[in-house]
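Student: Sequence first, predicted model second:
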Amino acid sequence: MAASPARRSGICQLATATSQKENGKGIALVIFGDIVNNMLNQDASLDRTFQALADPTRRSILAQLTQGPTSVSDLARPLAMSLPAVMQHLAVLEGSGLVRSEKVGRVRTCRIEPLALSAAEQWISHRRTEWEQRLDRLGQYLQTLKTEGEIHGERT
């Protein structure tokens with residue numbers, strides 16, 4: 001869950017007050033506040049991306065858009081819902097940055113924004129790397145226990 005704007009500003013105010021007490025100048029505060037704001041904004045963006053991807057209808061729309069730019073009416077055709085409901089799903093996808101749309105005349109055309117998935121992809125990749133490293137260390141530790149047990153004549 002992303003921090004609310006009030007909570008974000010509270011964190012930054014707390015950071016400001018704390019660093020001003022510590023160094024008397026508030027220089028660390030500016031850097032720390034910028035880092036905290038950037039982390040919270042990135043988390044909010046990532047949250048919106050995963051929220052958009054959490055719904056099967058929105059994933060279906062994204063799958064259709066991988067074939068190329070498509071009109072809203074063409075996106076809605078295979079879905080068992082009203083056009084306003086499809087528009088709400090598209091609003092969530094646009095809010096997350098996964099989809100862009102433009103209106104030319106009476107036709108609204110949507111296209112996928114592939115770079116918008118890169119933040120989520122990087123987050124997942126980072127978590128995968130962390131867990132692979134943890135599991136490798138666990139495997140090494142278990143192998144060490146097995147080897148030590150064999151040396152001491154214990155059964156494994």
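Tutor: Received the coordinates, thanks.

Student: Quick check: R100 is in a strand.
Tutor: Yes - applying DSSP: H, G, I helix; E, B strand; the rest coil, one finds R100 inside a strand.

Student: Look up how far E94 lies from it.
Tutor: Here the criterion is CB to CB, to the nearest Å. By it, R100 lies 7 Å from E94. Quick note: C-beta positions are derived from backbone N, CA and C, even for glycine.

Student: those helices in the chain, which residues are they?
Tutor: 5-23, 27-53, 56-65, 72-76, 83-96, 118-151 (DSSP state H).

Student: and the fifth one, which residues are buried?
Tutor: Under the neighbour-count criterion of 16 or more other CB atoms under 10 Å, helix 83-96 has 86, 89-90, 92-93, 96 buried.

Student: Please report how far L90 lies from Q133.
Tutor: Using CB to CB, we find L90 at a distance of 39 Å from Q133.

Student: same question but for S96, I mixed them up
Tutor: Here the distance between S96 and Q133 works out to 30 Å (CB to CB).

Student: ok, the residue nearest in space to the middle of the chain - contacts?
Tutor: The C-alpha lying nearest the average C-alpha coordinate of the chain belongs to L46 (CA atoms, centre = their mean; 2.4 Å). For L46, the contacting residues are 119-120, 123, by CB atoms under 8 Å, 6 or more residues apart in numbering.

Student: Ok, L117 next?
Tutor: The contact partners of L117, by CB under 8 Å, 6+ apart, come to 49, 98.

Student: Tell me how far it lies from R108.
Tutor: Distance of L117 to R108, computed by CB to CB: 22 Å.

Student: on that earlier part again, please render the buried residues of helix 83-96 as TSV that adds distance to K146 and pLDDT to the earlier fields.
Tutor: Shown next, in TSV, are the buried residues of helix 83-96 (distance: CB to CB, whole Å; pLDDT from 0 to 100):
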residue	distance to K146	pLDDT
V86	57	96
H89	52	96
L90	55	96
V92	51	97
L93	50	96
S96	47	94
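
Student: which of the residues you listed lies closest to L53?
Tutor: Distance to L53 across these (CB to CB) is lowest for S96, with 8.1 Å.

Student: That closest one is in contact with Q51, isn't it?
Tutor: Yes - here S96 reaches Q51: they are 6.9 Å apart, a contact under CB atoms under 8 Å.
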